[in-house]
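>>> Predicted model, plus sequence, below.
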Amino acid sequence: MIEEEENIKYRMIAKTYEGLEEVLAKELEELGASDIKLLRRAVEFYGDLKIMYKANYWLRSAVSVLKPIAAFEVEDEKDLYDKIYGIKWMNYFDLGKTFAVQATVNNHESLTHSQYAALKVKDAIVDQFRYYFNQRPDVDPKNANININVYISGKQCEVAINSSGIPLFKRGYKVEMHRAPLNEVLAAGMILLSGWDKKSNFIDPMCGSGTLLIEAALMAYNFPPQFMRRNFNFQYWSDFDPSIWREIKSEDLELQHDFEHHIIGGDISSKNLEIAQHLITHMKFHKDIELVQSDIRDHKAPDDGSKGWIVTNPPYGERLHSKDLLGLYEKIGTAFKHNFPGYIAALISSDVDAVKMIGLKPIKKRELYNGGLLCKFNTYDLYEGSKKEKKQDDIATDTENISDENTEVVSEEAESNIVNLFNDGSEMKGYDPLAHAKEMEEKAARWEKEKQERKDRWAKNKDEEHEHKRDDKRAKREDRAEREDWKDSGEQEERGHREDRGGFDKRKGDCRSSDRGGKKEFRRELGKDHYNTRGRGDEEQPPRSGKYGDPGKDDWKAKRFERLKKQREDGGDRSSSDKKFGKTKGEDWKSKRFDRFKKRGEDEDTRKGSGDWKTKRRDDFKKEVGKDGSKSSSAGEGRRSSFKKGREEDGEKPWGKKKHDGSKSRRDDFKKKRDDDSKPKKSRDDYSGKKGR
């Protein structure tokens, strides 16, 4: 029965980065997976428990391995809760394990937040365990034993459990980090995409912290990429089989083999080489990987006569900045061509213009993502000699392949070349070799000219940028000096004028206004008349002249100020009311409102005097009570009641709460409480009767 469960094939999904799907599918095929299907940033496959364990232990280009357990349609959050609750979670883990939920929601009508969907899934799982066992498992979002993935797209929902746990790119050997590290899965994918046969030299002339070198060494000696990892999430599952896991770990010793070629890394930075040496020593590869401190133009291939591959990750100008990035890539192309003849070179970069400066035609182009950067991964054939000689060698090789009886497949390009060799010469009519050579020379010269123009244009833009920065600094220095000279010359008012704000100089009759505060100063000097005369004048307003608000002869602000000043002088002295409220026109609505308020203020009924409500109430009180303030002879006509009556006559609200007839007032309650407190209190003996006895 146990053997039957082990042989059951499950549907699984291996996640990876975009552009590495084909490499991952090839790895899964080598492991023995079946029904492999490429997805976007993932590969679907089928296999048993052993395939799942081996996928986690041996895959180099996978980020995680998921096992789907349910798929259904979701209408809303309640429907999601009910269907998650319907899954028997005790079949996958028990109460002693911690779990976490990661949700992804796309294009759903009611569920729009991934965290909310993850919360509903967590509630359903916890409630199920509490119902059956009266206890619940704990949640650990950082380092959980069980990771549950929920993916919702439209109304379709798929639930899977993550068999890997911590992502597979965390191999465990990066004890020290470079400031621009390369992801381990991406590094392994680059090596696999380059086509390295693991039977020749491997060189990274710009190795940084040595990630590519370590991944190449793991492939060369056929070490599993996760051999330093302690545990996986599938070890916490209820159906975990430790015997299969021990069998897989014991097989890796038999699969290892020797490597007799060179793995070499170089870098111009001694600090980067120290980090790389530390990581290589930590992985026990210090005798298998060579490190050289040199510039890329001085780095050369070993003199053992063998060929190999170059895979490197140069700076893009994003995290690592270079003073001359285009010159660096041109240097890389020169070093590839002259120092590594016969090699295959592969390079990744996000700067398309810089990659063009390499000057070599790639044989393969791919797109990869390094973090969030879209990069070009190009492969170059660094053949010896010229391109013409290389083409002739290829033709000769194709001819030999055609003559061989065991050859089954011949490329279309080789067939066309063979036909051209053995034709009757009809296709060569009108061919002029001198004209062809001249055309090729012109094309090469044109290409060199375009390359030089691109380089000059880049340098010119950089020089212009520096020149603009210098001009800005020079202008700021000059502005600061002129402000200090103007400040020392005594032209500044003593009324709190600030250096960075404009103002109005009464002695010169001009207006200094800056972008920040000059407008407020101008308003403060002109008063309200400035707004009533705004926009007048038929003359065209010329632009400002001078610096720091110092007007010229044609300054429109100065003209407007002179006009306003003249109007104020013609108006004469203002009265007290005019100074307070401003002089306005009769047709203006503001003037009408002002006159209305002024008339109301001068009304005898509202001014202080006989019409004041306090004075009126005092006079009424004197009539009813008397000048001495004695109480009235009639009941209810005392000082307080008359004062209250006066307020009611004036139309004010009555004081306090309205008392019902026959009810006691607060003063009566206070008197009763005071009398009760003044009475002597009885002791316990008075109630017991002992005192009388």
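Structure's in. What do you need?
>>> and this protein, what are its domains?
Domains of the chain are assigned by automatic domain parsing as 2-162, 184-222+257-390, 504-581.
>>> The stretch 51-200 of the chain: helices as residue ranges?
77-85, 114-133, 184-194 (DSSP state H, counting those that start in this stretch).
>>> would you turn these into a markdown table with mean neighbour count and mean pLDDT?
The C-beta positions use only the backbone N, C-alpha and C, and glycine is treated the same way. Below are the helices of the stretch 51-200 of the chain laid out as a markdown table (neighbours: other CB atoms under 10 Å; pLDDT from 0 to 100):
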| stretch | mean neighbour count | mean pLDDT |
| --- | --- | --- |
| helix 77-85 | 17 | 94 |
| helix 114-133 | 16 | 94 |
| helix 184-194 | 24 | 94 |
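>>> Indicate which one of the ones you listed is closest to G372.
Of all the helices of the stretch 51-200 of the chain, it is helix 184-194 that lies closest to G372, at 12.6 Å by CB to CB.
>>> Need the residues that contact that closest one.
Residues external to helix 184-194 that are found in contact with it (CB atoms under 8 Å, 6 or more residues apart in numbering): 16-17, 19-20, 23, 26-27, 60-63, 168-171, 174, 202, 211-212, 215-216, 219, 225, 309, 311, 313, 344, 346, 348, 366, 368, 370, 377, 379.
>>> Next step: those restricted to strands.
F202, W309, V311, I344, A346, I348, R366, L368, N370, F377, T379 (DSSP state E).
>>> show me what contacts the first one?
The one in question is F202. So F202 contacts I191, W196, L213, A216, A220, H261, H262, I263, I264, G308, W309, V311 (CB under 8 Å, 6+ apart).
>>> Closest one to D241 out of the residues you listed, please.
Of these, the one sitting nearest to D241 (CB to CB) turns out to be A220, at 31.6 Å.
>>> What about the closest one, how many residues nearby?
23 (other CB atoms under 10 Å).
>>> what's the answer for the one 3 residues further on, then?
Counted with other CB under 10 Å, the burial measure for F223 works out to 17 neighbours.
>>> Ok, V292 next?
V292 has 15 nearby residues by other CB under 10 Å.
>>> Can you tell me the element it falls in?
Secondary structure from DSSP states H and E places V292 in strand 289-293.
>>> after the helix-or-strand element of the chain with minimal mean pLDDT, next one along is what?
None of the helices or strands of the chain scores lower by mean pLDDT, DSSP states H and E than helix 412-421, at a mean of 40. Sequence-wise, the next helix or strand downstream of helix 412-421 (DSSP H and E) is helix 433-488.
>>> returning to what we had before: I'd like the domains of the chain as TSV, with distance to R477 appended.
Formatted as TSV, those follow (distance: least, CB to CB, whole Å):
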stretch	distance to R477
domain 2-162	51
domain 184-222+257-390	26
domain 504-581	14
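>>> can you tell me which of these the model trusts least?
Mean pLDDT is lowest for domain 504-581 among the domains of the chain, at a mean of 54.
>>> Indicate which one of the domains of the chain is closest to K249.
For K249, the closest of those is domain 2-162, at 7.5 Å, according to CB to CB.
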